[in-house]
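In: quick one, structure for this:
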Amino acid sequence: NILLAIYVLLTFVGILGSIFGLVFILGWDFGTVVSVAIVALIAFSVNYVVHICHGYSESRRAKRVEKTREALESMGQTVLGGLIPSFVVGLILFATSLIFFEEFAWMIS
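Out: Now for the predicted structure:
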């Protein structure tokens, strides 16, 4: 579905814009730490967005609202199962004193 592909692409552009905006606002250098964190965040965002879009495209419902509800019901648990541990790990990383982990925590939390 070309329309879903466009929505996914726009979502990725928005996520990348948010990440680069955060890096700029916090005044971080675009070095190894930020590069590794950006790659990980792209992987997270692909996982979440593609799961929901897959659920939407596989739905046999007729109306968009019903398709969306079914996608969230079928894939929402999978997405939350990946999101919650990532968020908790981000909170734990705030307690570290290493710059890499602290910056990574800002990005995933």
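In: CA atoms for contacts and neighbours, from now on please.
Out: OK.
In: geometric centre of this protein: which residue is closest?
Out: Residue closest to the mean C-alpha point of the chain, counted by CA atoms, centre = their mean, is Ser45 at 2.8 Å.
In: contact partners for that residue?
Out: Applying CA atoms under 8 Å, 6 or more residues apart in numbering, one finds that Ser45 lies in contact with 12, 15.
In: again with the one 4 residues further on
Out: Contacts for Val49 were tallied using CA under 8 Å, 6+ apart; they are 8, 11.
In: what comes up buried for the helix or strand harbouring it?
Out: Element membership for Val49, per DSSP states H and E: helix 32-58. For helix 32-58, burial by neighbour count (16 or more other CA atoms under 10 Å) applies to 33-34, 37-38, 41, 44-45, 48-53, 55-56.
In: and of these, the nearest to Ile19?
Out: Checking the buried residues of helix 32-58 against Ile19 by CA to CA gives Ile38 as the nearest, at 7.3 Å.
In: ok, which stretches of this structure are helices?
Out: 2-26, 32-58, 64-93, 99-108 (DSSP state H).
In: right, and Leu4 touches Cys53 too?
Out: Yes - contact criterion CA atoms under 8 Å: Leu4 and Cys53 qualify, at 6.9 Å.
In: what's the burial count for Leu10?
Out: Other residues lying near Leu10 total 12 when counted by other CA atoms under 10 Å.
In: ditto for the one 4 residues further on
Out: Burial measure for Gly14: 12 neighbouring residues, criterion other CA under 10 Å.
In: now the helix holding Val49 and helix 2-26, what's the angle there?
Out: Angle of helix 32-58 versus helix 2-26, following axes from the mean of the first three to the mean of the last three CA atoms, to 10 degrees, is 160 degrees.
In: what about helix 32-58, average pLDDT?
Out: Across helix 32-58, pLDDT averages out at 84.
In: how distant is it from the center of its chain?
Out: 5 Å (CA atoms, centre = their mean, to the nearest Å).
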